[in-house]
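S.K.: requesting a structural model of the entry that follows:
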Amino acid sequence: MSAYIGPEAFMIYNDGYITVLGPIKHPAALGLPAKVVWFEIWDWIRDDVEAVISEGRSVFRQRDQLFFNRLTEGPDPSEETYAVCLLLLCYSIS
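M.R.: You can find the predicted model right below:
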């Protein structure tokens, strides 16, 4: 499970989510903005993330296939304050 906090969607996650992130993204992803952690899929998820954070709207996706590289590093993080939270629950089908 992961949660995204504040307008910049800073990421926090539990141990079970480490396998989703992979060895390069974890542990560096902890506390980074979603657009930095998920730079390779940000164009696909940006609208949903922003709708949840700015409008409080719920988003439900089923059987989406998002292809991201667990072995790459993204751009440098930026620092912001936070006020709201987005909770992402997911599971992997192999």
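
S.K.: so, low pLDDT: which residues of this protein?
M.R.: 69-94 (pLDDT under 70).

S.K.: just the helices in it please.
M.R.: Ranges of helices in the chain, per DSSP state H, are 18-25, 34-37, 42-55.

S.K.: of these, which stretch is the most buried?
M.R.: helix 34-37 (a mean of 23; mean count of other CB atoms under 10 Å). C-beta coordinates here come from the backbone N, C-alpha and C atoms, glycine included.

S.K.: that one packs against which elements?
M.R.: Applying 3 or more CB pairs under 8 Å, 6 or more residues apart in numbering; DSSP states H and E, one finds that helix 34-37 contacts strand 10-13, helix 42-55.

S.K.: swap the cut-off to 10 Å and go again
M.R.: Using 3 or more CB pairs under 10 Å, 6 or more residues apart in numbering; DSSP states H and E, the elements in contact with helix 34-37 are strand 2-5, strand 10-13, helix 18-25, helix 42-55.

S.K.: JSON lines for those, including distance to L32?
M.R.: Listed next are those as JSON lines, based on distance: least, CB to CB, whole Å:
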{"stretch": "strand 2-5", "distance to L32": "10"}
{"stretch": "strand 10-13", "distance to L32": "6"}
{"stretch": "helix 18-25", "distance to L32": "9"}
{"stretch": "helix 42-55", "distance to L32": "12"}
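
S.K.: alright, that wraps it up for me.
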